[in-house]
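# Test case, fold it:
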Amino acid sequence: MWTACDIMYFFRHIVWAYASLGSAYHSTCAVFADDLAQRKLDIYPAQQLEHLVWALEALGTEHHPELCKRLAQLVVQKTYSDALKTLILLQEKAQAANIPKQDLIALMASLESNFHTLEPMYQSNILHCYAKLRNFFQRLRIDPRPLFEEAAEVMSSTCLAEFNSQDLAKTGWAFATLGFRHQGLLDRMTADILARDLSTFLPQELVNLVWAFATLGFKHDIIFHRVADEVMTRDLNSFEPRGVTNLIWSFATIGIGSKEHEKQLFKYISQNVIYQDLALYKPQEIANLLWAFATMDLRDETMFQHIARELITRDLSTFKPQEISNTIWSFGRLNIINNRMFASMAVEIASRDLATFQNQSLSNITWSYAKVGVIHDEMFARLSPEMLLRSFQPHQVANVSWAYATLGIRHEQLGAHLQAEVDSWEGDGSGGLATQESSELNWALGMLNFNSKGHITST
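The predicted model follows:
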């Protein structure tokens, strides 16, 4: 007969091995989970509950919903410190536990008032947890910002030397995920990171830091340079595909990738990606990888063609509209042509509900096909009537008009619609377009004989 201590010992020391062996061993561990779910769990110290939850996370908590529910209910009965330690580890699985809203509010208030007493690991863990649960709290109309404001004040006024690299990365990720920028905390983190040896950071920690800075619009060249240098000393295979794409997305987004330092990083990544199995990359990761290179105007045809060959073999129905648009736009911006890939994408677009595509996506798609000189009759036959239903921004009008004129596609109704958009622009009638865009639009309207009332002016 297994005692409570025996079962807890099993989870602490053996369940990790079972979890690593795969789902075939979930049934073995389920015996212990089912037994624990029937026991009086509040007899266990907080530390043992932590070990239990970590074990469940390793197995996949969806396999033991009853035990997770019991643990989540136990959380709200404990003091704030014990509740924190368990709730943090449960993370998203707490959403299904039916915890009363008033208990969650009370827990957050307690954590806010006692945040300054917590150890760095728990400070970063709680922020990470609430950032992951943001959608859950939003549905309950619970605002986590007071807690984050208190955390920012506490952490920006103290030394972060006791925070390890994981604590720093989790903290930055949490603030960025909620879109909460606190300059004092960013300055404090920057000073601390500059004093550290980045070789001690795990790959995902490096990624999370630059992703957080980029997401918050915090530009710091020295840190980005140092991260770039550190990444280039690593085996890129030590980074998950999402980590690779988030890394270069961050450099492209913050706008310092055009410098020679960052060009070396992008070259290092492209030279490694061409030897990787792209089947491991999800649609968003492929789209972000291409987008970053195109945004920085870094043309690497070898890598793009490697990715194009992968896309031809993919089920493109798994790509979201924005991912399709960004992928096509990236090839178009760099003028890299792969006819089979563009044909595959066109067939997919023609099969979609185009109402799910944003105006910018439709504009980018038409512009990109024109940029590489590829016409796909079926796709444009679907795009034209959809664009009749849209009201475009001036630069989108210019892109669509230029694309149709460049490809020689005549569609009188769409032409009249685009001209009406131009005629509706207020002020000087330029729509705020730059000189080149205005010239291209005038040329396109003239080529397509859209019965223009007159040339537009440029700013």
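# in stretch 174-185, what counts as buried?
Across stretch 174-185, burial judged by 16 or more other CB atoms under 10 Å covers 174, 175, 176, 177, 180, 182, 185. The C-beta positions use only the backbone N, C-alpha and C, and glycine is treated the same way.
# Do you know the pLDDT at the fifth one?
pLDDT for residue 180: 94.
# same question, the third one
At residue 176, the pLDDT value in this model is 97.
# and the gap between it and residue 324?
Distance of residue 176 to residue 324, computed by CB to CB, to the nearest Å: 26 Å.
# With residue 400 instead?
Applying CB to CB to residue 400 and residue 324 gives a distance of 17 Å.
# So for the two, which residue has more residues nearby?
With neighbours defined as other CB atoms under 10 Å, residue 400 and residue 324 compare such that residue 400 has more, 29 against 21.
# isn't that one right up against residue 390?
No - the criterion here is CB atoms under 8 Å, and residue 400 misses it with residue 390 at 9.3 Å.
# Mutual contacts of the two, please.
residue 362 (CB atoms under 8 Å, 6 or more residues apart in numbering).
# closest to residue 215 among the buried residues of stretch 174-185?
Proximity of the buried residues of stretch 174-185 to residue 215 (CB to CB) peaks at residue 176, which lies at 4.0 Å.
# secondary structure element for that closest one?
Using DSSP states H and E, residue 176 falls within helix 165-177.
# what helices or strands is that helix leaning on?
Packing partners of helix 165-177 (3 or more CB pairs under 8 Å, 6 or more residues apart in numbering; DSSP states H and E): helix 120-132, helix 145-156, helix 183-194, helix 203-215.
# Just put the ones you listed in JSON lines and tack on distance to residue 417 and mean pLDDT.
Shown next, in JSON lines, are the helices and strands packed on helix 165-177 (distance: least, CB to CB, whole Å; pLDDT from 0 to 100):
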{"stretch": "helix 120-132", "distance to residue 417": "43", "mean pLDDT": "84"}
{"stretch": "helix 145-156", "distance to residue 417": "43", "mean pLDDT": "92"}
{"stretch": "helix 183-194", "distance to residue 417": "46", "mean pLDDT": "95"}
{"stretch": "helix 203-215", "distance to residue 417": "37", "mean pLDDT": "96"}
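# got a markdown table for these, with distance to residue 347 too?
Below are these laid out as a markdown table (distance: least, CB to CB, whole Å):
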| stretch | distance to residue 347 |
| --- | --- |
| helix 120-132 | 37 |
| helix 145-156 | 46 |
| helix 183-194 | 46 |
| helix 203-215 | 34 |
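# Of all these, which one is nearest residue 304?
Using CB to CB, the nearest of the helices and strands packed on helix 165-177 to residue 304 is helix 203-215, at 22.6 Å.
# Could you name the helices and strands sitting against that closest one?
In terms of contacts (3+ CB pairs under 8 Å, 6+ apart), helix 203-215 is packed against helix 165-177, helix 221-231, helix 241-254.
# what inclination does that helix have with respect to helix 120-132?
Between helix 203-215 and helix 120-132, the angle formed by their directions is 60 degrees, by axes from the mean of the first three to the mean of the last three CA atoms, to 10 degrees.
# List the contacts of helix 203-215.
Under CB under 8 Å, 6+ apart, the answer for helix 203-215 is 165-166, 168-170, 172-173, 175-177, 179, 186, 193, 198, 201, 219-220, 223-224, 227, 230-231, 234, 238-240, 243, 246-247, 249-251, 253-254.
# now those residues: which count as buried?
Of the contacts of helix 203-215, these count as buried by 16+ other CB under 10 Å: 165-166, 168-170, 172-173, 175-177, 186, 193, 198, 201, 220, 223-224, 227, 230-231, 239, 243, 246-247, 249-251, 253-254.
# Neighbours of the nearest residue to residue 336 once chain neighbours are set aside, how many?
Of all residues not flanking residue 336 in the chain, residue 304 sits nearest, at 4.6 Å (CB to CB, 6 or more residues apart in numbering). Residues contacting residue 304 under the criterion other CB under 10 Å number 23.
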